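Undergrad: Pasting the sequence and the predicted model now:
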Amino acid sequence: MAENIPAANAVWRLKKAEDGSIFGPVSLETLKEWADSAQIAPDDHIDQSDDQWQPAPQTPFLEMVWEVTLESGQPYGPTTGGTLAEFLKEGLVTPKTEVTHATTGESKLLGAMAIDASSSAARPSAPEPAAVSSNISPEDLAPANPSRPGMVGAD
């Protein structure tokens, strides 16, 4: 899968589907940290600063491959194992919540993914995205309301 990993020195931007806010440029490492800490939602887009926006889940190196139905009954995904760990901490899912791999169709209980999900959660907290536009305040980056769990704040 090495052919799907871009150069380490590439810079990326994130466009939030919710309001069109653009964050970045950031490193590949930071982008991956955002994906693993529930900062990139399935309907968000990314690009390499060339206005060739693509849906974040279609970017293989982000590993947004898990689909889940939240405790509220709302389907969510595809997303990362790290995001599922964040959702577990926030009470949006339980260890008995079934998750499905978007590519293979494999389903299992979230509790059976402890190694996958905890490996992302054990990383240092990812920095909050910083807006390119100066009209975004820090309050805009606070944890999202429960109706759109795509931007769950890192504690």
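TA: Structure's in. What do you need?
Undergrad: what bridges to Thr69?
TA: For Thr69, the beta-bridge partners under DSSP bridges are Pro75.
Undergrad: and what of His101?
TA: Trp66.
Undergrad: mind listing what it touches?
TA: His101 is in contact with Val65, Trp66, Glu67, Ser107, counting by CB atoms under 8 Å, 6 or more residues apart in numbering. In this view, the C-beta of every residue, glycine as well, is placed from N, C-alpha and C.
Undergrad: got a winner among these for most neighbours?
TA: For those, neighbours were counted using other CB atoms under 10 Å, and Trp66 has the most, 24 neighbours in all.
Undergrad: where along this structure do the strands fall?
TA: Using DSSP state E, the strands assigned to the chain run over residues 11-15, 22-27, 45-47, 54-55, 66-69, 75-79, 98-101, 107-109.
Undergrad: I'd like those strands written out as a markdown table, with distance to Glu33 added.
TA: What follows is these, written out as a markdown table (distance: least, CB to CB, whole Å):
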| stretch | distance to Glu33 |
| --- | --- |
| strand 11-15 | 12 |
| strand 22-27 | 9 |
| strand 45-47 | 13 |
| strand 54-55 | 19 |
| strand 66-69 | 17 |
| strand 75-79 | 14 |
| strand 98-101 | 21 |
| strand 107-109 | 25 |
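Undergrad: Those strands: which one's closest to Asp36?
TA: strand 75-79 (9.5 Å; CB to CB).
Undergrad: same for that closest one, what does it pack against?
TA: With contacts defined as 3 or more CB pairs under 8 Å, 6 or more residues apart in numbering; DSSP states H and E, strand 75-79 has these neighbours: strand 66-69.
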